[in-house]
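In: predicted model, plus sequence, below.
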Amino acid sequence: MIYTNKRAEMGVGTLIIFIALILVAAVAAGVVIQTASSLQQQALATGQAARGEIATNARVVEVSAIDGSNGFSVENFSMQIKLAPGSNPIKLDEVTLTLNTDNTTTALQYTNDTAFATTGQTGTFSVRYLINGTNHIDGNLQRGDVIEVQFQAPRLIGEDEAVRINFVPKIGTATLVMFNMPDVISTQRVYLYP
């Protein structure tokens, strides 16, 4: 009597199908892992950009002004500024400084003119470095730097006027300082903030 082993032939077919399923599952898992890795990299890049947008800003330490020509008003302003904790460096030529009073609004752009303090130019602001940080770069506000921003108002600002100064970097959040001028301006230098 001759026996044929039909069960073994069926087992080999099942084994081939099983191996094919494992290969298909491995390829699918590889695609899923690659997609997850790509999405993770995009999420990290987006998170870093968002953190830079939110965390980058400056902190105003002090605002003062110098008497104008008539003794009851000021026109030359000075602000001491440093980076806020966790902030990325700020390029000064990408900053807009706005000065708002009751009836005027002025936008000022950075100039690296070193003679600004003596000549004064409307429409611009200049910077003098009071403290240089360890990674100091001219034209930037780096960690450890303390700068003095100097600018001239477009008109004399008198006693008891409301003033808003906004330091707006291209990337990051704006820093707003609001104050009222003193009721009586009796000294040449007037400290306005804090």
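Out: Now that the structure is in, tell me what you want to look at.
In: which element, helix or strand, includes residue 19?
Out: helix 6-55 (DSSP states H and E).
In: burial count for the residue nearest to residue 57 when sequence neighbours are not counted?
Out: Spatial nearest neighbour of residue 57, excluding adjacent residues (C-beta to C-beta, 6 or more residues apart in numbering): residue 173 at 4.5 Å. For every residue, glycine as well, the C-beta is placed using N, CA and C. A total of 16 residues lie near residue 173 under the criterion other C-beta atoms under 10 Å.
In: how near is residue 173 to residue 61?
Out: As judged by C-beta to C-beta, to the nearest Å, residue 173 and residue 61 stand 17 Å apart.
In: ditto for residue 108
Out: 19 Å.
In: neighbour-wise, which of these two wins?
Out: For residue 108 and residue 61, the more surrounded residue by other C-beta under 10 Å is residue 108, and the numbers stand at 23 against 15.
In: right, and the more buried one touches residue 124 too?
Out: Yes: counting by C-beta atoms under 8 Å, residue 108 touches residue 124, with 5.8 Å between them.
In: list residues touching both of these two?
Out: residue 151 (C-beta atoms under 8 Å, 6 or more residues apart in numbering).
In: and residue 148, which helix or strand is it part of?
Out: Per DSSP H and E: strand 146-158 holds residue 148.
In: contact partners of that strand?
Out: With C-beta under 8 Å, 6+ apart, strand 146-158 has contacts from 61, 65, 68-70, 72-82, 97, 99, 101, 104, 106, 108, 116-117, 120-122, 124-131, 141, 163, 167, 181, 185.
In: narrow the residues you listed to those in strands?
Out: The members of those that map onto strands under DSSP state E are 61, 65, 73-82, 97, 99, 106, 108, 124-131, 141, 163, 167.
In: helix/strand/coil for residue 191?
Out: strand (DSSP: H, G, I helix; E, B strand; the rest coil).
In: what's the burial count for the residue nearest to it when sequence neighbours are not counted?
Out: Counting by C-beta to C-beta, 6+ apart, residue 191 lies nearest to residue 64, which is 4.9 Å off, once chain neighbours are set aside. When neighbours are defined as other C-beta under 10 Å, residue 64 has 16 of them.
In: tell me the bridge partners for residue 64.
Out: residue 78, residue 191 (DSSP bridges).
In: residues contacting it?
Out: Residue 64 touches 77-78, 189-192, counting by C-beta under 8 Å, 6+ apart.
In: residue 188 now?
Out: 66-67.
In: show the pLDDT at it.
Out: At residue 188, the model reports a pLDDT of 84.
In: centroid residue for the chain?
Out: Geometric centre of the chain, nearest residue: residue 172, 2.5 Å, by C-alpha atoms, centre = their mean.
In: ok, the residue nearest to that residue when sequence neighbours are not counted - contacts?
Out: In space, and not counting its chain neighbours, residue 172 is closest to residue 56: 3.0 Å by C-beta to C-beta, 6+ apart. Listed by C-beta under 8 Å, 6+ apart, the contact set of residue 56 reads 87-88, 90, 169, 171-173.
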